[in-house]
Every structure is written in structure tokens, then in C-alpha cells.
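*Asks:* would you be able to build a 3D model of this:
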Amino acid sequence: MKRFLLLILLSALSVGGYAQSTKLQVGAERMELLLPLLEGKRVALMVNQSSLVGATGTHLVDTLLSRGVKVVRLFVPEHGLRGKVDAGKAVKSEIDEKTQLPVVSLYGQRRRPTPEMLEDIDLLLFDLQDVGTRFYTYISSMHYLMEACAEEGKTFVVCDRPNPNDFVDGPILQPDCRSFVGVDPLPIAHGLTVGELALMIDGERWLRGGRSCRLKVIPLVGWSHGEPYELPVRPSPNLPNSQAIALYPSLCLFEATIMSVGRGTDKPFQALGHPNAGFGQLVFTPRVKVGEDSNPRHKGKPCYGIDYLEKGLPKGQISLAPLVDLYRKAESLGLQLINQRQLFDLLAGTKTLRSQLASGLSEAEIRASWEADLEAYRRLRAKYLLYEDAR
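*Replies:* Below is the predicted model of the structure:
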């Protein structure tokens, strides 16, 4: 109850700040709320290249060290501290050259911290930019960190940031498809900030053993649900711009297919292609791009397909049109679109979508099958919103 009252208080401060100024401030910039929580504490941070503070883009680690905060170690997610490690590649633990702080990878041999890693800290601070999708692994890391803090009696603080894909859509994760690309029973697009999601995870007792953690959220100021937000830095190597981020919820499922999603080109998650010329008029050749992808699918081969920047997809929803259309196109070319069935099911969060495609259902029929579950989820989501949602 005390934790929840604190969150209400912080939310009220956020609303008051918004009335005074429409300038957006992310949680990590609200030092008047953050520093009192850190004073005299031994702190660990979960950060990456998106953990920036202010117009100058100072990293949160540097900001806190300059304020005298005792930072003990840094945890890092997929893609590492600088956001330069390929998707799915293990991230190494190391010593940060600039700060000489130990950097502990939570995307390698382990996905969650050990009790020993938390023994010498009082508080763990999470500040990562999410893109609003269940299969984006930063929120999976947040879940495991919350579990570890709950089990070790440590405080967990989330510095909130806007959701650039702020809508609710897609199938709800089913228990038999739970994995690191889908930990909690969310739709593909969950429509929450990371702070609100942390509240939901804790409030619904989704942590292991039904535990609750000592959770505090530092809310952002100057943003409401439904408002656009353009990220100041790419959140991961292959989401280089707002167009890729907007298309990502609809095109990520193609990671489990025979198609290139544009990795190794200047249009990752903005185009789809395959070496078979029957897939479309666009031609691109995936190549190694240092810091983005060292082994892109169909490397060195001309791929033919579709440019979704030109074609466009409906905004504010997951579009199944590319999936339905290319599933049929592959069949007509004597090919099977989905060549990694298990991965496809894990990304979709359900085995039903694959069977629906095989059965020839239309996009409208598939979307209709989601609606009852999504309506129940929307009611659940409403309990945890920290920001106005006028839609």
C-alpha cells in the first residue's frame, strides 16, 4: 500500500509538472525525485546507449557519478552497454573503460542476476528505452531483475520513458509459448510505458512465486498516451529511425521466415526480400554492417521484395497484410514461408497464428479472433496507467 501511494504521489507531481510546462522530461531527468531515493545507497544500474539525460545527451551513469551517487556495478541487456552487439549474440561482461565500473551481462550465459551480484547493493535502477512490443527483450530483462530484487529484498526503481508504439494489438502470450521473447501474458503491442508495465507485473503477481518487489517508478513529464514520440537515439542496432520502430511490431515475425527483414542494408525492418525474384520489385543485397549485423540472412545475395516505407502499413495497429500476402506468395512459388516454426510461435506468443495462416484465414478473420482477449487486457491495462489516455 505504501508503495502504491508513493506512485500516486509521483504521478500527481508529474501532472503538476505538465501543467507548468509541456516540455518532455523522461524519468531519468527528474533528479528532484530520483536523487533522494539514491542518497546514501549502493546502486546498480541496468542501462545501455538509450539511458541519456537532458538535451546534451549525458549518460545516466555519468550524471549520477557526478552527483556523488555510489554506483557499484552496471547490468546490461541484449546488444550491450553501447548497443553495438548483434541481435541474439551473447554480450560479454567486462570493465567499462570510462568509469572502471564492472559491467555484468544479462544476455549471455545468464539472463538474471545471481544473489551474489545483488548482495552488495541496496537499490537497482532500470533505465532502458522500450519500443512497446512483447518480444523486445529489454522488458524480459526487467521482469527477471524485478524477480531477483523481490527474492533478495532489494528496491527496484524504474525511470520511465514514452512508448513509441503506444497501442494495444496482437495475440496474448499463451503459457506454452513463454520464453525470453515473451515472459508475461501480454499482447504483441502492450500499450504501456516500462514504468506502467512494471506496475502491472508486480500488481498482478507475475513474478516467480507470486512475490512482490519494492517497486518505485519515476514518472515522465509532458507526454500522454497516444502522443507520438521520436527517440533521440536508436534503441537497438537495427531500429535506426522512427519508420523502422513503427514497422517493427508488424515485421518482426518475419525473423522466423525465409525472408530477409533488411538487416545488413540501410532499411532494416523497413523492407522484406528473398533471393527468389518472384517476391517483388525492390532489390537489395544484405551485407555485413559493423555494429549492426555481422551475418545477415541471405548475405551477399540480391533479394527481391517490398519496400514498406513506400508501400506503407496502417498506423496504430499490427498489420498482418504482409504476413498473409507473403505466405500465399511463397506457396505460389513452391516455398514455405515459415521455416522456423518454434521461433515463429514464440514471437507470436501462440501456436494458433501459424495454423490460421495455414488454414487460409484472412487478416480480418485472424484479427477478430484476438478481440475478446484484447478487450480483457485493455481493462487490466487501465488499472496501471500513470498517464492520461484520451483515446
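
*Asks:* show me where pLDDT drops low in the protein?
*Replies:* 1-22, 83-88, 391 (pLDDT under 70).

*Asks:* against D62, how distant is R214?
*Replies:* As judged by C-beta to C-beta, to the nearest Å, R214 and D62 stand 26 Å apart. (C-beta placed from N, C-alpha, C; glycine too.)

*Asks:* can you point out the buried residues in the helix or strand D62 falls within?
*Replies:* Assigned by DSSP states H and E, D62 belongs to helix 60-66. Neighbour-count burial for helix 60-66, counted by 16 or more other C-beta atoms under 10 Å, picks out 60-61, 63-64.

*Asks:* how about stretch 205-221?
*Replies:* For stretch 205-221, burial by neighbour count (16+ other C-beta under 10 Å) applies to 206-207, 213-221.

*Asks:* cool, and stretch 91-100?
*Replies:* Using 16+ other C-beta under 10 Å as the test for burial, stretch 91-100 gives 91, 93.

*Asks:* and if you look at stretch 222-236?
*Replies:* 222-223, 225, 229, 231, 234-236.

*Asks:* between these, which is closest to S51?
*Replies:* Among those, P235 lies closest to S51 (C-beta to C-beta), at 10.7 Å.

*Asks:* and the nearest residue to that closest one once chain neighbours are set aside, how many neighbours?
*Replies:* Among residues not flanking P235 along the chain, Q129 sits closest, at 4.6 Å (C-beta to C-beta, 6 or more residues apart in numbering). A total of 27 residues lie near Q129 under the criterion other C-beta atoms under 10 Å.

*Asks:* tell me how far Q129 lies from Y308.
*Replies:* 23 Å.

*Asks:* please identify which helix or strand holds F135.
*Replies:* Judged by DSSP H and E, F135 forms part of no helix or strand.

*Asks:* which residues touch it?
*Replies:* Residues near F135 by C-beta atoms under 8 Å, 6 or more residues apart in numbering: 181-182, 188, 252, 346-347, 349.

*Asks:* which of those fall in helices?
*Replies:* Under the assignment DSSP state H, those contribute 346-347 to helices.

*Asks:* can you tell me which of the contacts of F135 is closest to C149?
*Replies:* Closest approach between those and C149, by C-beta to C-beta: G182, at 21.4 Å.

*Asks:* how far away is that closest one from F156?
*Replies:* From G182 to F156 the distance is 21 Å (C-beta to C-beta).

*Asks:* V72: what secondary structure?
*Replies:* Under the three-state scheme (DSSP: H, G, I helix; E, B strand; the rest coil), V72 adopts strand.
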